[in-house]
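>>> Quick one, what's the 3D model for this:
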Amino acid sequence: MKKCLMNYLFLCIPLFLIGQGLVWIRLHYVFPSQLSMDVMPIMAERPNICKYQDIPLQHTTDNLLKIVRRGIPRRRTEDLLEKLRSDIPGIALRTSILLGHPEETDAVFEALFDFVKTLHFDRMGVFTYSQKGNRYTYSLADDIPAGVKEQRATSLMELQMGIGEEKNAEKLGKLYKVLFDILEGEHFVGRTESDSPEVDNEVWLDAKNYCVRMGDIANMKITGYGPYDLKGEIEQR
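Numbers count the residues shown, from 1 in each chain. Predicted structure coming up:
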């Protein structure tokens, strides 16, 4: 019943909102076991449904995936990510990883590191495990030292930073629609379809040379990049 309801929400709510003049509709925090295959052709075809999917995988080994209630094993997770990329060209995939979980041995972390290195997520958040308030693992010993957790988190984020910079370099000279959110100092700050507010990359526009309103969408040519941010200029017609 729960999965049927989720499928209904994926299919019916976006179709209803399409008629309301909304430019971007974005799906967030979808468990891998609950992502309906029916949503893929809709996301691929509808211009106002963002080609973006936030899937909180948390880990990669089958044992830990079972403990953290992801609902599917690693092989099916990989198949799902491959299908998303093949069925929705240009989709941006975001995930979140939980490090330092009980039973996360050095070998388990190395497998996770290799997984992230291979899958090349567009966006990734990393968190360290805390037993406080976690009803699923309260009976497990929180036996991984805090220093080890932080070291693993730093290592994984450095890997992702390199992946992010590589992906941003590919955007240089290309055009993207950018939705502007705020004016920060001497720059208007916006985001592309591939970026959720507050957690993902930003696009910076020099306020000395342009004037936009918050909520405006403009075609921007990317002229500079870093691991997390892009710089650009509005394409003049």
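
>>> On the three-state scheme, Asn63 is what?
helix (DSSP: H, G, I helix; E, B strand; the rest coil).

>>> my guess is it contacts Glu103, does it?
Yes: contact criterion C-beta atoms under 8 Å: Asn63 and Glu103 qualify, at 6.6 Å. Where C-beta positions appear, they are placed from N, C-alpha and C, glycine not excepted.

>>> These two: which has the busier surroundings?
Legend: neighbour count by other C-beta atoms under 10 Å for Asn63 and Glu103, higher for Glu103 (15 against 12).

>>> Do a quick rundown of the helices in the chain.
For the chain, the helices defined by DSSP state H cover 2-18, 39-45, 62-67, 74-87, 106-119, 146-169.

>>> In a markdown table: the ones you listed, plus distance to Lys208 and mean pLDDT.
Below are the helices of the chain laid out as a markdown table (distance: least, C-beta to C-beta, whole Å; pLDDT from 0 to 100):
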| stretch | distance to Lys208 | mean pLDDT |
| --- | --- | --- |
| helix 2-18 | 37 | 41 |
| helix 39-45 | 38 | 90 |
| helix 62-67 | 50 | 84 |
| helix 74-87 | 39 | 94 |
| helix 106-119 | 39 | 96 |
| helix 146-169 | 23 | 97 |
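
>>> and these as TSV, adding distance to Tyr129?
As requested, the helices of the chain are exported to TSV (distance: least, C-beta to C-beta, whole Å):
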stretch	distance to Tyr129
helix 2-18	27
helix 39-45	31
helix 62-67	10
helix 74-87	19
helix 106-119	12
helix 146-169	7
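
>>> Of those, which is nearest Ile217?
Ile217 sits nearest to helix 2-18 of all those, at 16.6 Å, using C-beta to C-beta.

>>> Can you tell me which of the helices of the chain is nearest to Lys51?
Taking C-beta to C-beta, helix 39-45 is the member of the helices of the chain nearest to Lys51, at 6.2 Å.
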